[in-house]
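Engineer: Provide a 3D model corresponding to the input given below.
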Amino acid sequence: LGATIAREVPSYGIYFVVYSLLMQTAAADLLGGIAPLVFGAMSGCACWLPVYPVDVVKTLLQNTEGENGNVCAWDVVRDLYAQGGVGAFFDGLTPKMLRAAVNHAVTFWIYSIVMGFIAV
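Structural biologist: Numbers count the residues shown, from 1 in each chain. Predicted structure coming up:
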């Protein structure tokens, strides 16, 4: 749970702040109706990039069994670094960024459409 919280809290903080700031720029006016798509994609990538190494460790931690079923996050970090250096913490980043761009672009686009319908 701790590793998940360590990933989620900063990630969502970055996600919503970046999107909100981008939507307040002049570029949002220029982009018009596609601004939520473009800025959703950008904020999705922005939120994953700094926490991706934490996600890699979290995933390995959840899929690794230690003695008595316990494994320490720092042990996972040490082993991962020993196996591949700093680059090991970024394995799979490209597909994650591609998925995040599409996922978050569509999320904010749909959100903007729904908010347009329910706005009073």
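Engineer: quick one: distance of the lengthiest helix in the chain to the chain centre.
Structural biologist: Criterion DSSP state H: the longest helix present in the chain is helix 93-118. Offset of helix 93-118 from its chain centre (CA atoms, centre = their mean, to the nearest Å): 12 Å.
Engineer: burial count for residue 104?
Structural biologist: By the criterion of other CB atoms under 10 Å, residue 104 has 24 neighbours. Every residue, glycine included, has its C-beta placed from N, CA and C.
Engineer: which strand or helix spans the residue nearest to it when sequence neighbours are not counted?
Structural biologist: Closest residue to residue 104 apart from its sequence neighbours, by CB to CB, 6 or more residues apart in numbering: residue 44 at 2.6 Å. Using DSSP states H and E, residue 44 sits within helix 35-48.
Engineer: then that helix to PDB, C-alphas only?
Structural biologist: In PDB, the C-alpha atoms belonging to helix 35-48 read as follows (Å, rounded to 0.1, in the frame of the first residue of the first chain):
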ATOM      1  CA  ALA A  35      -7.500  21.700 -26.000                       C
ATOM      2  CA  PRO A  36      -8.800  19.000 -23.500                       C
ATOM      3  CA  LEU A  37      -7.400  16.300 -25.800                       C
ATOM      4  CA  VAL A  38      -4.000  17.900 -26.200                       C
ATOM      5  CA  PHE A  39      -3.600  19.100 -22.700                       C
ATOM      6  CA  GLY A  40      -5.000  15.900 -21.300                       C
ATOM      7  CA  ALA A  41      -2.400  14.000 -23.200                       C
ATOM      8  CA  MET A  42       0.300  16.300 -22.000                       C
ATOM      9  CA  SER A  43      -0.800  16.200 -18.300                       C
ATOM     10  CA  GLY A  44      -1.100  12.400 -18.500                       C
ATOM     11  CA  CYS A  45       2.500  12.100 -19.600                       C
ATOM     12  CA  ALA A  46       3.700  14.800 -17.100                       C
ATOM     13  CA  CYS A  47       2.100  12.900 -14.200                       C
ATOM     14  CA  TRP A  48       3.700   9.600 -15.100                       C
END
